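>>> got a predicted model here, sequence first, then my questions.
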Amino acid sequence: MDRLEDRWEIADLVSAYAEGVDDGRSADVAALFAEDCVFRAYRGERGTAEGRPAVEALLQKLLGTFEATSHHVSNTRVTFSGEDRADVVTALHAWHRFPSERPDGILWGRYRDTVVREGGVWRFAVRELRVAGEQDFPFGWISTREP
């Protein structure tokens, strides 16, 4: 029973991230991460944030780029590697409306996560966005095909 509850809590964590991003609540989303986390949103040094304050700053920067977003997550697979640690893969389809006159950006891919339980709460220790494809959204994405 405990592992079923853990799976539900981890699925809720994944959904809370998508909902918080779509609502533009960068501080709430950053609170879903462990204190000493790593978040990789795209290639390059500026696409990686280490530590919760840096995650919040990167999220503020990214969310300020869009008028609206809609992140759809599904097919969450959880593999436990310890009592308080798991690897998680989640499918993503995301729509982004830009404030300028340009087509909306769409991407699809996966989140690859390591989650840890801290003080009874599951949090992202590592979250990496890996993109399989995009439409009108060329960017320095990390590919799903990279090791």
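Yep, it's here. Numbering: from 1, shown residues only.

>>> shaky segments in this structure?
1 (pLDDT under 70).

>>> can you give me the helices for this structure?
Under the criterion DSSP state H, the chain contains helices at 2-22, 26-30, 52-63.

>>> tell me which of those lies nearest to residue 77.
Smallest distance to residue 77 across the helices of the chain (Cβ to Cβ): 9.8 Å, for helix 2-22. Quick note: C-beta positions are derived from backbone N, CA and C, even for glycine.

>>> the closest one to helix 52-63, inter-axis angle?
Here helix 2-22 runs at 50 degrees with respect to helix 52-63, directions being taken by axes from the mean of the first three to the mean of the last three Cα atoms, to 10 degrees.

>>> could you dump the helices of the chain to JSON lines with mean neighbour count and distance to residue 92?
As requested, the helices of the chain are arranged in JSON lines below (neighbours: other Cβ atoms under 10 Å; distance: least, Cβ to Cβ, whole Å):
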{"stretch": "helix 2-22", "mean neighbour count": "16", "distance to residue 92": "8"}
{"stretch": "helix 26-30", "mean neighbour count": "19", "distance to residue 92": "15"}
{"stretch": "helix 52-63", "mean neighbour count": "18", "distance to residue 92": "14"}
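
>>> could you dump those to CSV with distance to residue 124?
Rendered in CSV, the data for the helices of the chain read as follows (distance: least, Cβ to Cβ, whole Å):
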stretch, distance to residue 124
helix 2-22, 7
helix 26-30, 10
helix 52-63, 9
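
>>> looking at these, which is nearest to residue 45?
Nearest to residue 45 among the helices of the chain is helix 52-63; the distance by Cβ to Cβ comes to 11.4 Å.

>>> what about residue 46, how many residues close to it?
Residue 46 is flanked by 11 other residues according to other Cβ atoms under 10 Å.

>>> an error on my part: the question was meant for residue 132.
One way to gauge burial is a neighbour count; for residue 132, by other Cβ under 10 Å, it gives 14.

>>> would you confirm that it contacts residue 110?
Yes. Proximity of residue 132 to residue 110 meets the contact threshold set by Cβ atoms under 8 Å, at 7.2 Å.

>>> list residues touching both of those two?
residue 144 (Cβ atoms under 8 Å, 6 or more residues apart in numbering).
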